[in-house]
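Undergrad: Sequence and computational prediction follow.
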Amino acid sequence: MTRESPTTVAREPSKADLRRWRKYLAAERAEAAVYRDLASRRSGSEREILLGLADAEARHEQHWLDLLGEQVGAPRRSDIRTRMLGWAARNFGSVFVLALAQRAEDRSPYEDDADATDVMAADERIHSEVVRGLATRGRLQISGTFRAAVFGANDGLVSNLALVLGIGATGVPPATVLFTGIAGLLAGALSMGAGEYVSVRSQKELIAAARPDPGSHTALPHLDVNANELALVYRARGMDDVAATAHAKEVLSTLQFDADESPVEDDEPDTIGTAWGAALSSFCFFASGALIPVLPYILGATGLVAVGIAAGLVGLALLGTGAVVGLLSGASPLKRALRQLAIGFGAAGVTYVLGLVFGTTIG
């Protein structure tokens, strides 16, 4: 049954109803403010879209005002997550805020609330897709460098923790563990930076080689219409013979363009990033991650105390990187954080056990 948009309800609202409606009212006001803050940092169509979302939240706000009537009460604060989102929107206005806003829209309770209308529930679902679309370009633009940063930090954390624990478990002096960890940090960071540079540079060269030659359009006016080599181009790109021939004839029959202007346009954002950007990002984040397991030994800790501190610090860092990945990907930050922790500790734990085995064997 379709839920209408009532200005009153048939039953007398309970205290629980009033609390819930006031909570929704505060959330709608806060979310509208978030979208207006984001819009103040944007221009053009993106600004208009964000202001449109704010207007929609204002309509939802009015719904709860109508239900509450004279019992609206004093303005109440929204929940902590919405307040944090508002603070981030005012101070950053970045793709991280859009990712948070997307998750906030995904958590809308209106589909299961009899006092919200079907229109409101549908609005919230569509709002999530609108915000997802706004966040997509930002996600794509940072994906190359972000991938290198996350991979570098995670690799530094896990590999150096495994190295330090594995060497420490053999029973060598703490100084040996410290210098081994520092050597692993430097070697790994340089290797990661060089590897990212070569990887990104090679990938960009492969993509460039696969793109159409922007100068090839100058040959179109001189093609033999009967022989029609243009059809071969379309067939090479995946069209069948009939479709390629028809499309080539259409292009040649309507050929009107500036000879100095290429019809090939590339409006897609660069999802790979620059080779130097990826290399520097990977180097710095690997070094930062690899430094954490070494910190207890730098500060003078030894034995199981150093192991415990290193494992605890790395665990917190793994939870943080996992949560950030989950946030930007629109998934649950908690699940991604726990997955990152399990993988990292699993690898380090195996190495530590092997170190114990080798230490016992050598002893």
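TA: Cool, got the structure. Given the structure is predicted, the values throughout are model-derived calculations rather than measurements.

Undergrad: Do you have the helices of the stretch 151-300 of the chain handy? List them.
TA: 174-210, 230-236, 241-253, 275-291, 295-298 (DSSP state H, counting those that start in this stretch).

Undergrad: low pLDDT regions in the protein?
TA: 1-11, 74-96, 137-148, 203-230, 233, 237, 251-273, 327-331, 355-356, 358-363 (pLDDT under 70).

Undergrad: Show me the contact partners of stretch 150-163.
TA: Stretch 150-163 is contacted from outside by 180-181, 184-185, 188-189, 192, 196, 281-294, 310-311, 314, 317-318, 321, 324-325, 340, 343-344, 347-348, 350-352, using CB atoms under 8 Å, 6 or more residues apart in numbering. C-beta here means a position set from N, CA and C on the backbone, and glycine is covered the same way.

Undergrad: Could I have the buried ones of the residues you listed as ChimeraX selection syntax?
TA: The buried residues among the contacts of stretch 150-163 can be selected in ChimeraX (16 or more other CB atoms under 10 Å) with this line:
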select :180,181,184,185,188,189,192,196,281,282,283,284,285,286,287,288,289,290,291,292,293,294,310,311,314,317,318,321,324,325,340,344,348,351,352
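
Undergrad: so what's Leu341 up against?
TA: Contacts of Leu341 (CB under 8 Å, 6+ apart): 315, 318-319, 322.

Undergrad: Most neighbours out of these, which is it?
TA: Highest neighbour count within the contacts of Leu341, by other CB atoms under 10 Å: Leu318, with 27 neighbours.

Undergrad: For Leu18, give its distance to Ala342.
TA: 44 Å (CB to CB, to the nearest Å).

Undergrad: Among these two, which residue is more densely surrounded?
TA: Leu18 (15 against 12).

Undergrad: How about the more buried one: what's its closest non-neighbour residue?
TA: Gln71 (5.9 Å; CB to CB, 6 or more residues apart in numbering).

Undergrad: and that neighbour, how many neighbours?
TA: 11.

Undergrad: Could you number the chain from 11 rather than 1 from now on?
TA: Right, with 11 as the first residue, what we last looked at is Gln81.

Undergrad: Touching, it and Asp27? I think so.
TA: No. Under the criterion of CB atoms under 8 Å, Gln81 is not in contact with Asp27, lying 9.7 Å apart.

Undergrad: Can you pull the phi/psi pair for Ala311?
TA: phi -70, psi 150 (degrees, to the nearest 10).

Undergrad: Contact partners for it?
TA: Ala311 neighbours (CB under 8 Å, 6+ apart): Ile319.

Undergrad: How about Arg39, nearest residue that isn't a chain neighbour?
TA: Arg39 sits nearest to Glu71 (CB to CB, 6+ apart), 5.7 Å away.

Undergrad: And the one you found, how far from Trp31?
TA: Taking CB to CB as the measure, Glu71 falls 11 Å from Trp31.

Undergrad: ditto for Ala258
TA: For Ala258, the distance to Trp31 equals 63 Å [CB to CB].

Undergrad: Those two: which has the busier surroundings?
TA: Trp31 (24 against 21).

Undergrad: hang on, the more buried one packs against Leu78?
TA: Yes. Using CB under 8 Å, Trp31 is in contact with Leu78, at 5.4 Å.

Undergrad: Need the residues touching each of those two.
TA: By CB under 8 Å, 6+ apart, no residue touches both Trp31 and Leu78.

Undergrad: Return the subset of the contacts of Leu351 lying in strands.
TA: Among the contacts of Leu351, none falls in strands (DSSP state E).

Undergrad: and which of the residues you listed is nearest Glu56?
TA: Ranked by distance to Glu56 (CB to CB), the contacts of Leu351 are led by Gly332 at 29.5 Å.

Undergrad: The closest one and Leu108, how far apart?
TA: From Gly332 to Leu108 the distance is 20 Å (CB to CB).

Undergrad: tell me which of the contacts of Leu351 is nearest to Tyr120?
TA: Lowest distance from Tyr120 to the contacts of Leu351 (CB to CB) belongs to Gly332, with 30.0 Å.
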